[in-house]
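**Q** Next comes the sequence, and after it the predicted model I'd like to discuss.
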Amino acid sequence: MLLAIEQGNTNTMFAVHDGQRWIAQWRAATESTRTADEYAVWLSQLLAMAGLQLGVFNGCIISSVVPQSIFNLRNLARRYLHVEPLVIGENAELGISVRIDKPSEAGADRLVNAIGAHMAYPGDLIVIDSGTATTFDVIGGDGGFEGGVIAPGINLSMEALHNAAAKLPRVAIQKPQRVVGTDTVGAMQSGVFWGYIGLIEGLIERIKAERNGPMTVVATGGVASLFHGATLAIDHFDSDLTIRGMLEIWRRNSKTG
């Protein structure tokens, strides 16, 4: 039994794998000050609802982009799961080449996505992850991480628009029926939604032109589903990209450990 913990800037996902399939997934708001004891209380209740308990695990893998939280997540694994966790960026061998100027700067989430995408799709890839930030990562045909683009996430942009302009309200992000809005809310929704479609299509076009070859585009992340059907530039929407990558990293390290 494996517990995979994938922590982004906004949400933290806990997923349980029984050796054959993922049998449970839960999400919590990311709070960097949450202690191991608080995690244990929350997680034990959810496990009980699924007929499980903290003591069933014989492995734990952690991917986090919030460094100050790793200490507490590691203590959760040690104190309550009684296992030594595998932490991306610390004691985990990824088995891929990181071909950028400063490999240590590549975020754990981006490397995990690279592995998850390479497992499922052949050839050169562009992986779009829509979260707090929107990242466009280039993965070589051999699975190597070759760099990418980081842009503000769609929710971050909407929040910044509301906070910086006194008369602009906070609105829900959704696909508007028209490009040209006839009221303030419609205009804001159109600007953010279609503006991001323009961002996605423009960057994909430029990346492909720079690479000068065919590439498969895969989108993941909590916001990616918003763009489904709105653009032909994305070939696949894959919500399991990250946990597939984490499982593969765990298996690679289990074989070498």
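**A** Okay, I see it.

**Q** Pull the distance from the one helix or strand in the chain whose mean pLDDT sits lowest to the chain's centre.
**A** Using mean pLDDT, DSSP states H and E, the weakest-scoring helix or strand in the chain turns out to be helix 154-164, at a mean of 78. On the basis of Cα atoms, centre = their mean, to the nearest Å, helix 154-164 is displaced by 20 Å from the centre of the chain it belongs to.

**Q** Now do that helix: which elements does it pack against?
**A** Judged by 3 or more Cβ pairs under 8 Å, 6 or more residues apart in numbering; DSSP states H and E, helix 154-164 is in contact with helix 184-211. For every residue, glycine as well, the C-beta is placed using N, CA and C.

**Q** so what strands line up beside the next helix or strand after the helix it packs on?
**A** Counting by DSSP states H and E, the element after helix 184-211 in chain order, helix or strand, is strand 216-220. Strand 216-220 pairs in its sheet with strand 125-130 (parallel), strand 236-237 (parallel), by DSSP bridges.

**Q** what inclination does strand 216-220 have with respect to helix 184-211?
**A** 140 degrees (axes from the mean of the first three to the mean of the last three Cα atoms, to 10 degrees).

**Q** Could I get the average pLDDT for strand 216-220?
**A** Throughout strand 216-220, pLDDT has a mean value of 95.

**Q** Now tell me what touches that strand from outside.
**A** Identification of contacts with strand 216-220 by Cβ atoms under 8 Å, 6 or more residues apart in numbering yields 113, 117, 120-130, 204, 227, 233-239, 241-242.

**Q** So which elements touch whichever strand or helix holds Asp37?
**A** Using DSSP H and E, Asp37 sits in helix 36-49. With contacts taken as 3+ Cβ pairs under 8 Å, 6+ apart, helix 36-49 sits against strand 11-17, strand 22-29, helix 67-76.

**Q** My guess is His17 contacts Leu247. True?
**A** Yes: if you go by Cβ atoms under 8 Å, His17 and Leu247 touch, sitting 6.1 Å apart.

**Q** what sits in contact with each of the two?
**A** 2, 4.

**Q** picking up where we left off before, which of the helices and strands packed on helix 36-49 has the highest mean neighbour count?
**A** Compared across those, strand 11-17 shows the largest average neighbour count, a mean of 20 (mean count of other Cβ atoms under 10 Å).

**Q** Listing partners with orientation, what would you give for that one?
**A** strand 2-7 (antiparallel), strand 22-29 (antiparallel).

**Q** Nearest to Ala165, out of these?
**A** strand 22-29 (26.2 Å; Cβ to Cβ).
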